[in-house]
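[1] I would like to see how this sequence folds:
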Amino acid sequence: MENNVNQIVIQMTSRFEELNVFCDILKNNFKSNYNINVFCNLSLDHESDIKKNVDFSLIDNFFHIPDSMCKKGVVVKTEAKRRQPLDALIKILRKINSLEEIDKFIFTECDIFPIKEKEYLQELNSLNESTGVSCRYIPIINPKVPNGYISPGPLYINKAFTGELIKALEKKRDIFLNSGVAYEGAIASSIILASKISGKNINRYSPYFCSNYEWSSNLEPITFTTHQHNILNLKNAFVDNKITSGRHVEKVIKGSPFIHSWYGEKIESSSSFKIEKMPLYGE
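    Residues are numbered from 1 along each chain as shown. As a prediction, the model looks like this:
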């Protein structure tokens, strides 16, 4: 793979609309080259849903890593929010580790949207041999996040770090699940352990928690990413930053209500919604 191609690794379950908009931003609005690798862990029961709702024209590589329990009706938190994404992450990293064309990449969930290209890529471009990962680390400590909280996106990873990270995840997987550790807490603990073993540094680029449920101050100021489950609420941010191309982005700007393909709920924009940038740390 050419050195000027930015490798994006997306973990996706059922947020098809969010995935399509995310890919539209990269492929039809940002100027750099992107190789988009999407991993979906929905069970084989939902292959038709994937084929019907995912815009494969925007994806370079699609990997189906089916989890038999990842399907409609399975809503138990310890299963759907902890075990499933943790096992998916291990599978994803194993696959990425086997691909010679990737030397560094952005790992993310598809509902953490980039708004400004330069800011989104700067942590990826700054990775070097001594740095294993650059992450958004929130320094809260409790039983669910015993070593802090690391957001699953954007997470900037040096390929040379993935081997030790896989080992750390596999070594502590059962402990995480049996102790009720949150997915973000498992990521944090594993990255810290892998850093100690590998000797590679962790760059903590931001201390902010960006909640989909907070309507203000949820635009992370270093990478300019926002966590949104309602894509229609991205309209003003898109227009302000000249993100206007692509049929999925155009749907957001048009703002027409729609029924979410997976959740079956009506999605409509809020007239009062406005994404606001968080202050830089220390301001």
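[2] pretty sure R94 is touching I166, no?
    Yes: here R94 lies in contact with I166, judged by C-beta atoms under 8 Å, at a distance of 6.1 Å. (Each C-beta comes from the backbone N, C-alpha and C, glycine too.)
[3] which one's more surrounded, these two?
    Neighbour count, other C-beta atoms under 10 Å: between R94 and I166, I166 has more, with 20 against 15.
[4] what's near enough to touch the nearest residue to that one once chain neighbours are set aside?
    Spatial nearest neighbour of I166, chain neighbours left out: L93 (5.0 Å); criterion: C-beta to C-beta, 6 or more residues apart in numbering. For L93, the contacting residues are T162, L165, I166, L169, by C-beta atoms under 8 Å, 6 or more residues apart in numbering.
[5] where exactly do the strands run in the protein?
    5-12, 33-40, 61-64, 104-109, 112-114, 131-138, 149-150, 155-158, 201-206, 219-220, 225-227, 258-259, 266-267 (DSSP state E).
[6] so which of those strands comes closest to F22?
    Checking the strands of the chain against F22 by C-beta to C-beta gives strand 112-114 as the closest, at 6.0 Å.
[7] ok, that closest one: who's next to it in the sheet?
    Neighbouring strands of strand 112-114 in its sheet, by DSSP bridges, are strand 225-227 (antiparallel).
[8] what residues sit buried inside the partner strand?
    Buried positions in strand 225-227, judged by neighbour count with 16 or more other C-beta atoms under 10 Å: T225, T226, H227.
[9] same thing with stretch 117-136?
    117, 120-124, 127, 131-136.
[10] same question for stretch 116-128, mean pLDDT?
    The pLDDT scores in stretch 116-128 average 97.
[11] hmm, who's touching that stretch?
    Contacts for stretch 116-128 (C-beta under 8 Å, 6+ apart): 6, 30-32, 104-106, 114, 134, 154, 156-158, 203, 205, 222-225, 241.
[12] pull the most distant pair out of the buried residues of stretch 117-136.
    E117 and G132 (24.2 Å).
[13] pull the helix or strand with minimum mean pLDDT from this protein.
    Lowest on mean pLDDT, DSSP states H and E among the helices and strands of the chain sits helix 77, with a mean of 81.
[14] D87 is in contact with P66, isn't it?
    No: between D87 and P66 there is no contact under C-beta under 8 Å: 11.1 Å.
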